[in-house]
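Chemist: no sequence on this one, just coordinates:
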């Protein structure tokens with residue numbers, strides 16, 4: 001699918017300003033949409049909307065379908081009468097520049113529990129009808145999710161294979177008993193998902209009405225400690241106890257001598273093939289209810305993936321195995337038709353990955369921070385871009401452009417000056433201009449680069465498990481010239497919808 005020539009900004013909702021410790025779906029989300037419009041942008045890229053996992057990563061969610069309830073706007077719950085004004089007052093001041101998960105998570109979860117209890121006792125008939133309609137529409141995943149989360153609460157988190165054996169194995173009598181014993185907590189998790197979906201879809205509608213499309217993100221793998229692995233154990237490479245036998249990752253490369261051992265369970269692709277990829281079709285379908293465009297993370301894993309024995313502490317001792325390839329995307333296409341999908345094809349990409357991406361016309365990714373090492377044949381250099389590409393100055397996994405520039409070697413810095421014909425006095429704007437001028441159909445810029453922020457503002461550092469996913473900005477960092485310069489570049493480089501004459 002050929003994308004229209006456009007540009008946008010990468011910002012996860014948790015990075016938005018707000019009074020309750022983290023960004024959410026409240027007033028700042030709407031204000032950010034208005035700012036995008038003023039900046040001449042038509043795309044807002046976010047990270048996965050699912051709940052956080054180990055290291056607070058949104059790429060290790062407790063569900064492939066559920067949303068992150070920490071992004072629920074508490075003010076809206078108070079306006080509905082499910083919270084009191086006093087409930088909105090934090091126990092201690094929050095940090096406007098960082099998301100302190102240790103204080104934010106208990107604060108927000110306590111308030112959600114109060115709201116759910118108030119709803120249970122005082123909801124209007126219309127509210128109950130709306131809630132019940134939501135539960136019916138999402139029952140295919142919501143029932144298992146809510147029970148899983150209630151049981152996870154009961155067992156204080158951790159590995160579901162350590163639960164009582166009948167529950168881990170999902171034996172019918174144990175499941176029926178759990179539904180009764182944990183009914184209040186199950187209701188809480190369903191209520192929280194209703195609030196998440198209701199609020200986020202309102203934000204999305206507001207954006208769409210103003211010409212802004214949302215680019216979402218799907219991690220190829222899901223967390224072991226998730227509702228779907230527990231509910232559909234036959235679809236994953238698990239032993240008879242439900243324990244992974246092999247896990248996901250990538251082999252050693254120039255950046256990591258041990259490779260990366262992600263630890264996600266691997267798919268049992270033979271089982272997915274047998275059911276004609278129904279689980280994947282449903283996952284893609286549900287994601288497109290929440291966003292307009294989908295970026296699939298680690299796309300190369302569909303062509304071939306690195307299998308690591310679960311007993312191995314690193315990713316060194318693994319092997320490449322073939323993924324589902326064309327069969328998966330043909331099944332998705334038959335069920336859902338052509339879809340606007342971006343393939344994350346970074347790293348060492350073999351011909352089979354390129355062939356899979358181009359067969360289905362999924363644009364790939366080009367990162368300018370990767371462009372200036374090596375020679376003129378570097379595929380990330382702007383003169384080597386293709387139309388069916390999405391060009392970034394950097395992504396959530398990169399340093400900010402200012403931080404990257406500060407750490408770049410003199411040789412790399414000189415290469416930048418030679419290629420871009422710039423003195424690099426404003427390197428972040430130089431790379432934004434370069435991305436905007438590219439022939440790539442889509443250009444995206446992390447907000448940190450628009451604001452010219454340094455390394456301390458980066459969102460994530462791959463391979464480091466703690467201290468990331470915390471960055472937030474404040475509106476006093478955003479000046480009028482930021483929007484003006486972005487809008488000006490979009491007009492110059494025809495990313496404002498102007499057709500060719």
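Modeler: Received it, and whenever you're ready, just let me know what you need. Keep in mind that what you see is a predicted model, and the values were worked out from it rather than measured.

Chemist: ok, residue 58 - contacts?
Modeler: By Cβ atoms under 8 Å, 6 or more residues apart in numbering, residue 58 lies in contact with 12, 47-52, 68, 469. Where C-beta positions appear, they are placed from N, C-alpha and C, glycine not excepted.

Chemist: could you measure it against residue 196, distance?
Modeler: Distance of residue 58 to residue 196, computed by Cβ to Cβ, to the nearest Å: 13 Å.

Chemist: Identify the contacts common to these two.
Modeler: Here residue 58 and residue 196 share the contacting residues residue 68, scored by Cβ under 8 Å, 6+ apart.

Chemist: going on from the helix or strand bottoming out on mean pLDDT in the chain, what's the next piece of helix or strand?
Modeler: Lowest mean confidence among the helices and strands of the chain (mean pLDDT, DSSP states H and E): strand 260-265, at a mean of 93. Counting by DSSP states H and E, the element after strand 260-265 in chain order, helix or strand, is helix 269-274.

Chemist: what comes up buried for that following helix?
Modeler: By 16 or more other Cβ atoms under 10 Å, the buried positions in helix 269-274 come out as 269, 272.

Chemist: State the mean pLDDT of it.
Modeler: Across helix 269-274, the average pLDDT comes to 98.

Chemist: roughly how far apart are residue 234 and residue 498?
Modeler: From residue 234 over to residue 498 (counting by Cβ to Cβ), the distance is 52 Å.

Chemist: what about residue 455, neighbour count?
Modeler: The local packing of residue 455 (other Cβ atoms under 10 Å) involves 14 other residues.

Chemist: contacting residues for the closest residue to it other than its chain neighbours?
Modeler: Nearest non-adjacent residue to residue 455, counting by Cβ to Cβ, 6 or more residues apart in numbering: residue 403, 3.1 Å away. By Cβ under 8 Å, 6+ apart, the contact list for residue 403 reads 454-458.

Chemist: how about JSON lines for those residues, with pLDDT, secondary structure and distance to residue 30 added?
Modeler: As requested, the contacts of residue 403 are exported to JSON lines (pLDDT from 0 to 100; DSSP: H, G, I helix; E, B strand; the rest coil; distance: Cβ to Cβ, whole Å):
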{"residue": "454", "pLDDT": "98", "secondary structure": "coil", "distance to residue 30": "29"}
{"residue": "455", "pLDDT": "97", "secondary structure": "helix", "distance to residue 30": "30"}
{"residue": "456", "pLDDT": "97", "secondary structure": "helix", "distance to residue 30": "28"}
{"residue": "457", "pLDDT": "98", "secondary structure": "helix", "distance to residue 30": "23"}
{"residue": "458", "pLDDT": "97", "secondary structure": "coil", "distance to residue 30": "26"}
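
Chemist: out of those residues, which are buried?
Modeler: Buried members of the contacts of residue 403, counted by 16+ other Cβ under 10 Å: 454, 457-458.

Chemist: which helices and strands does the least confident helix or strand of the chain pack with?
Modeler: strand 246-250 (3 or more Cβ pairs under 8 Å, 6 or more residues apart in numbering; DSSP states H and E).

Chemist: Okay, now the sheet partners of the strand it packs on, with direction.
Modeler: strand 260-265 (antiparallel), strand 304-309 (antiparallel) (DSSP bridges).

Chemist: Quick check: buried residues in the last one?
Modeler: When burial is assessed from 16+ other Cβ under 10 Å, strand 304-309 yields the following buried residues: 304-308.

Chemist: which of those residues lies closest to residue 423?
Modeler: Nearest to residue 423 among those, counting by Cβ to Cβ, is residue 306 at 42.3 Å.

Chemist: and that closest one, what is it in contact with?
Modeler: Contact partners of residue 306, counting by Cβ under 8 Å, 6+ apart, are 248-251, 259, 315, 318-320.

Chemist: Buried residues, the helix or strand in which residue 448 is found. List them.
Modeler: Here residue 448 sits within helix 447-450, counting by DSSP H and E. The neighbour-count check on helix 447-450 (16+ other Cβ under 10 Å) flags 447-450 as buried.

Chemist: what does stretch 477-489 give?
Modeler: For stretch 477-489, burial by neighbour count (16+ other Cβ under 10 Å) applies to 477-478, 482-483, 485-489.

Chemist: try stretch 364-373
Modeler: 364-372.

Chemist: okay, the residues you listed in a markdown table with pLDDT next?
Modeler: Below are those laid out as a markdown table (pLDDT from 0 to 100):
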| residue | pLDDT |
| --- | --- |
| 364 | 97 |
| 365 | 98 |
| 366 | 98 |
| 367 | 98 |
| 368 | 98 |
| 369 | 97 |
| 370 | 96 |
| 371 | 97 |
| 372 | 95 |
